[in-house]
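Asks: coords below, sequence missing:
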Ligand SMILES: Cc1cc2nc3c(=O)[nH]c(=O)nc-3n(C[C@H](O)[C@H](O)[C@H](O)COP(=O)(O)O)c2cc1C
């Protein structure tokens, strides 16, 4: 079993809620609120699942902002990384789940292998830094407008990530 950690930054609890659901779906994943220490310990895991909400206008959630420089310096060669993000596609259609894209940007030179890209079908938005080559770079969740979709999206995404990570 790949050693798995879910690291999240959450201001009003939505990303924390999703992190809990994702952790349970994995079975043996550890759950950590993001901090410099949590990132230092990231090297102990085979699969890192990182989640952030988007705040301001397309910005990373505050707890991630504090550690983004540490994130950019991580050496994750040999590790697999899956990303998820929460946002609000109705109020912020131009910056929907941008933080998901910002996490990807911060880690794209880390040497990690990204898994868990996700289709854009089923969402209505006009712009997102999280879309690369026509797909989200990770799981997009919208607790504000599509809370009923969250559970099924997480189930399908975790199954996909497990298959891609060979778990
Ligand atoms: C002031 C404010 C700014 C926000 N900006 C964005 C945004 O630019 N893009 C987006 O997708 N969601 C945006 N959101 C929505 C949050 O990302 C969403 O409510 C998320 O579920 C919050 O997760 P959290 O409770 O884990 O922090 C914003 C919400 C607020 C209140």
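Replies: Structure's in. What do you need? Remember, predicted model here, so these are calculated numbers, not experimental data. Numbers count the residues shown, from 1 in each chain.

Asks: Nearest spatial neighbour of residue 140, chain-adjacent residues omitted?
Replies: Nearest non-adjacent residue to residue 140, counting by Cβ to Cβ, 6 or more residues apart in numbering: residue 97, 4.7 Å away. All C-beta atoms are positioned from the backbone trio N, CA, C, and that covers glycine.

Asks: Contacts only, for the one you found.
Replies: Residues in contact with residue 97 (Cβ atoms under 8 Å, 6 or more residues apart in numbering) are 54, 85, 86, 87, 128, 130, 136, 140, 141.

Asks: confidence score at the fifth one?
Replies: The one in question is residue 128. With respect to pLDDT, residue 128 has a value of 98.

Asks: what separates it from the ligand, distance-wise?
Replies: Residue 128 sits 8 Å away from the ligand, going by Cβ to the nearest ligand atom, to the nearest Å.

Asks: Report the separation between the closest residue to residue 115 other than its chain neighbours and residue 2.
Replies: The shortest distance from residue 115 to any non-neighbouring residue, by Cβ to Cβ, 6+ apart, is to residue 164 (3.8 Å). Separation of residue 164 from residue 2 (Cβ to Cβ, to the nearest Å): 11 Å.

Asks: what sits in contact with each of the two?
Replies: Common neighbours of residue 164 and residue 2, using Cβ under 8 Å, 6+ apart, are residue 80.

Asks: Where does the prediction get shaky in the protein?
Replies: Within the chain, no range satisfies pLDDT under 70.

Asks: Can you name the residue of it nearest the ligand?
Replies: Closest approach between the chain and the ligand, counting by Cβ to the nearest ligand atom: residue 87, at 2.3 Å.

Asks: wait, that residue sits on residue 102?
Replies: No: in this structure residue 87 lies outside contact range of residue 102 using Cβ atoms under 8 Å: 11.7 Å.

Asks: contact partners of stretch 113-129?
Replies: For stretch 113-129, contacts defined as Cβ under 8 Å, 6+ apart pick out 49, 58, 79-84, 89-90, 93-98, 100-102, 104-105, 107, 131-132, 134-140, 142, 146, 149, 157, 160-161, 164-165.

Asks: Next, count neighbours for the residue lying closest to residue 55 once chain neighbours are set aside.
Replies: For residue 55, ignoring the flanking residues on the chain, the nearest one in space by Cβ to Cβ, 6+ apart is residue 61 at 5.5 Å. Residues within reach of residue 61, counting by other Cβ atoms under 10 Å, total 25.

Asks: Perfect, that will be all.
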